[in-house]
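Engineer: let's see this in three dimensions:
(2 chains)
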Amino acid sequence: MAKLYLKSHEWAEIDGNIAAVGISEYAAKELGDVVYVELPELGTEVEAGDELLELESVKAASPVYSPVSGKVVEVNQALEDAPETLSSAADATFICKIELSAPPEGLMSEEEYKASLE
Amino acid sequence: MAKKTPLYSKHVEAGGVMVDFGGYELPVRYSDGILAEHAAVRERAGLFDVSHMGEILVEGHATAYLERLLTNSFSDMAPGRVRYSLMLYPEGGVVDDVLVYRRAEESYLVVVNAANREKDYEWMKAHAEGVTLKDISDETALLALQGSAAKEILSGVKLPEKYYTFIENVDIFGMNATISRTGYTGEYGVEIFLGNEDAPVLWDRLIEKGAEYGMKPAGLGARDTLRLEAAMPLYGHELRREYLASEAGLDFAIKLDKADFIGKTALESIPARYERIGAFVDGKGIAREGTPVFDEDGEAGLVTSGTMSPTLGKAVAMLRVRKERKGKLFCEVRGRKLPLTETPLPFYKRAKQ
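Structural biologist: Purely as a prediction, here's the structure:
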């Protein structure tokens, strides 16, 4: 499944009406070592562009915005104990899954996202 | 426009992520990241560019002047020794925290924080009596080699034996340097002062030699987590103009029994209402600088420095809290209550060898 991107470096991988959400390799590299992931609570409703959760690197907390609108239906619990996975494998690591309440809008394709980083 | 140290291009070459710190462009980390740099210092060694620190030479009736200007005592300090001291406002707040190097009977080097350098120099000039002051910061580079492997990396170089002592005119790979047994990490380590022109040469030599011993270049991020674990104060965080010096837990450097110094009357007449303590953050989350701290009765102070301790693997914080407080402390991070468990400082102490 192709990833779709927000300008603020989050990705969504959409399968049916469920979007897995993560951060881009670029964002992970910019953040430095992630030492804590504040996972959202199950059932949280978000609008695309809302702050979804916070990632703590050694230096600072950084917000992660939701690329889609919907309800959090799953969180990647493994990140509680191994937040460093986000630093080492951002593309392959989802943070949470969101059940879509509306079709995704205004997201970039991987190509467009990569071009935006140039 | 931020200034560059003589090692700027070395940092960029090494993959340094550059940020503005105290008016200087310095690496917050290199490509391996803060955790790896932190671990390198704790286990082997790390090399820091601290050329942004200010250096001010004091000569003339220097001992009498520094006794009056600073909180620590220097008349009983032998040449070749270093002492930590505070410089205070008459109201008892802190101008800066400094290291004082006694070079000779009446010659001292005062090392100050980069961000405070101009303010300090003006303050020192305004209170100068019978001394000449010279700010040599712009000609002076400073490298910190910290960690137990530093000794091996510098084998063949004459090093000061005791903590907080220094040697001038040391030959280091053919260059002339002043080397002190000081640092900001809680590990064995040295700091090396030398001319700007020699700094890139020394940097390259140490990077090359250090690689055999697991040394890494380390940035400001690791410098901060290392000093926090070692509970060393940082100006602007634990120390400020608005905070009484007697509330910082640095009484070893405040000699109330000496004749007089700027701020002494204030410290003697105003009781300390706050204190600096350490705490672990229980539960999930990190308490960062500025986070309010509460006790049973309400607001009790704030977090002055906080991070995820790389060595301990848990969130730690230094707090400035009321001495009179009730019950268990907690703080609030993004609307969530995080309990704090008080713990003696420092969070980390190296094993004596």
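Engineer: what about A:A89, how many residues nearby?
Structural biologist: By the criterion of other CB atoms under 10 Å in any protein chain shown, A:A89 has 12 neighbours. The C-beta positions use only the backbone N, C-alpha and C, and glycine is treated the same way.
Engineer: buried sites along stretch B:288-303?
Structural biologist: B:288-289, B:291, B:293-295, B:300-303 (16 or more other CB atoms under 10 Å in any protein chain shown).
Engineer: same thing with stretch B:57-68?
Structural biologist: In terms of neighbour count (16+ other CB under 10 Å), stretch B:57-68 has its buried residues at B:57-58, B:62-67.
Engineer: what is the nearest of those to chain A?
Structural biologist: Among those, B:L57 lies closest to chain A (CB to the nearest CB), at 34.5 Å.
Engineer: distance of the closest residue to that closest one other than its chain neighbours relative to chain A?
Structural biologist: The spatially closest residue to B:L57, leaving aside those adjacent along the chain, is B:K134, at 4.4 Å (CB to CB, 6 or more residues apart in numbering or on different chains). Remark: distance between B:K134 and chain A (CB to the nearest CB, to the nearest Å) = 36 Å.
Engineer: OK, contacts around B:K134?
Structural biologist: B:56-57, B:59 (CB atoms under 8 Å, 6 or more residues apart in numbering or on different chains).
Engineer: dump those residues into a markdown table; add pLDDT and secondary structure as well.
Structural biologist: Below are the contacts of B:K134 laid out as a markdown table (pLDDT from 0 to 100; DSSP: H, G, I helix; E, B strand; the rest coil):
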| residue | pLDDT | secondary structure |
| --- | --- | --- |
| B:I56 | 98 | strand |
| B:L57 | 98 | strand |
| B:E59 | 98 | strand |
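Engineer: which ones among the buried residues of stretch B:57-68 map onto strands?
Structural biologist: Judged by DSSP state E, strands contain the following of the buried residues of stretch B:57-68: B:57-58.
Engineer: and the buried residues of stretch B:57-68, which of them are in helices?
Structural biologist: B:62-67 (DSSP state H).
Engineer: closest to B:K258 among those?
Structural biologist: B:E67 (6.5 Å; CB to CB).
Engineer: before we move on, back to that, and the residue nearest to B:L57, that one's in a strand?
Structural biologist: Yes: counting by DSSP: H, G, I helix; E, B strand; the rest coil, B:K134 is located in a strand.
Engineer: please report phi then psi for the closest residue to chain A within the stretch 101-250 of chain B.
Structural biologist: Nearest residue of the stretch 101-250 of chain B to chain A: B:G221, at 5.4 Å (CB to the nearest CB). Main-chain dihedrals, B:G221, degrees, to the nearest 10: phi -60, psi -50.
Engineer: how about the helices in the stretch 51-200 of chain B?
Structural biologist: B:62-69, B:117-126, B:150-153, B:199-211 (DSSP state H, counting those that start in this stretch).
Engineer: would you mark the buried spots in the third one?
Structural biologist: Put plainly, it is helix B:150-153. Here helix B:150-153 shows B:150-151, B:153 as buried, counting by 16+ other CB under 10 Å.
Engineer: can you list the residues of chain A near chain B?
Structural biologist: Counting by CB under 8 Å from any CB of the partner chain, the positions of chain A adjacent to chain B are A:32-33, A:35-36, A:38, A:54, A:56-61, A:80, A:87.
Engineer: in JSON lines, list those along with secondary structure and pLDDT.
Structural biologist: Formatted as JSON lines, the residues of chain A next to chain B follow (DSSP: H, G, I helix; E, B strand; the rest coil; pLDDT from 0 to 100):
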{"residue": "A:G32", "secondary structure": "coil", "pLDDT": "91"}
{"residue": "A:D33", "secondary structure": "coil", "pLDDT": "93"}
{"residue": "A:V35", "secondary structure": "strand", "pLDDT": "94"}
{"residue": "A:Y36", "secondary structure": "strand", "pLDDT": "94"}
{"residue": "A:E38", "secondary structure": "strand", "pLDDT": "93"}
{"residue": "A:E54", "secondary structure": "strand", "pLDDT": "94"}
{"residue": "A:E56", "secondary structure": "strand", "pLDDT": "94"}
{"residue": "A:S57", "secondary structure": "strand", "pLDDT": "93"}
{"residue": "A:V58", "secondary structure": "coil", "pLDDT": "90"}
{"residue": "A:K59", "secondary structure": "coil", "pLDDT": "85"}
{"residue": "A:A60", "secondary structure": "coil", "pLDDT": "87"}
{"residue": "A:A61", "secondary structure": "strand", "pLDDT": "91"}
{"residue": "A:E80", "secondary structure": "helix", "pLDDT": "91"}
{"residue": "A:S87", "secondary structure": "helix", "pLDDT": "92"}
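Engineer: can you give me the buried ones in stretch B:142-157?
Structural biologist: B:142-151, B:153-154, B:157.
Engineer: go on, stretch B:115-133?
Structural biologist: B:115-117, B:120-121, B:123-124, B:131, B:133.
Engineer: next up, the contacts around the residue nearest the centre of chain A.
Structural biologist: In chain A, the centroid-proximal residue (CA atoms, centre = their mean) is A:G22; its distance is 2.7 Å. By CB under 8 Å, 6+ apart, the contact list for A:G22 reads A:10-11, A:13, A:86, A:90-91, A:93-95.
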